[in-house]
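J.: only the shape, not the letters, is given here:
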């Protein structure tokens, strides 16, 4: 059984006349184009350590099976706003698992998409930890409730947004959590 020991976060945007090439260019901006990406669900492993993007990229090997959680969005509509985000919520007990979430949206700002992804991850973790909260409360209120419980120590997100190319080329955004 393989349990990742490290993780890093990266993002990118690509623009090209072909949809697939646009995605490839986004992967290049993120620095992960040389990997065979295997998408996994949203569990942040216990005792997993976050490393910087630069440190993580140095550990990647061309052609390696590379596990990741990825949010991806694209458009070929001129000026259409697209965004992709990964949210993270970590428990205060590092022996417990946390949550990652992916969110991709049209017409949302980078801030809104990122905070939504962060909220998703925190809410999933809060429900598994038995933290009571008002589901209708704003994210800022729930964030305080989660952190005040002492059971959730950290939340964050990474987000990439872009406006669709003015000439109708494919524009792709990605946000990725890469496991090592």
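T.: Now that the structure is in, tell me what you want to look at. The structure displayed is predicted, hence computed values, not measured ones. Residues are numbered from 1 along each chain as shown.
J.: next up, phi/psi of residue 100, please.
T.: The phi and psi values for residue 100, taken as degrees, to the nearest 10, are phi -110, psi 150.
J.: number of residues surrounding it?
T.: 27 (other C-beta atoms under 10 Å). Where you see a C-beta, it was placed from the backbone N, CA and C, and this is true even at glycine.
J.: got the contact list for it?
T.: 42, 43, 44, 69, 86, 87, 88, 121, 177 (C-beta atoms under 8 Å, 6 or more residues apart in numbering).
J.: contacts for the worst-scoring helix or strand of the chain on mean pLDDT?
T.: Least confident helix or strand of the chain, by mean pLDDT, DSSP states H and E, is helix 139-148 with a mean of 87. For helix 139-148, contacts defined as C-beta under 8 Å, 6+ apart pick out 89, 115-116, 118-119, 122-123, 125-126, 131, 133-134, 137, 152-153, 155.
J.: of those residues, which belong to strands?
T.: 89, 152, 153, 155 (DSSP state E).
J.: residue contacts, the second one?
T.: Right, the one you point to is residue 152. Residue 152 makes contacts with 89, 90, 91, 92, 122, 125, 126, 129, 131, 146, as judged by C-beta under 8 Å, 6+ apart.
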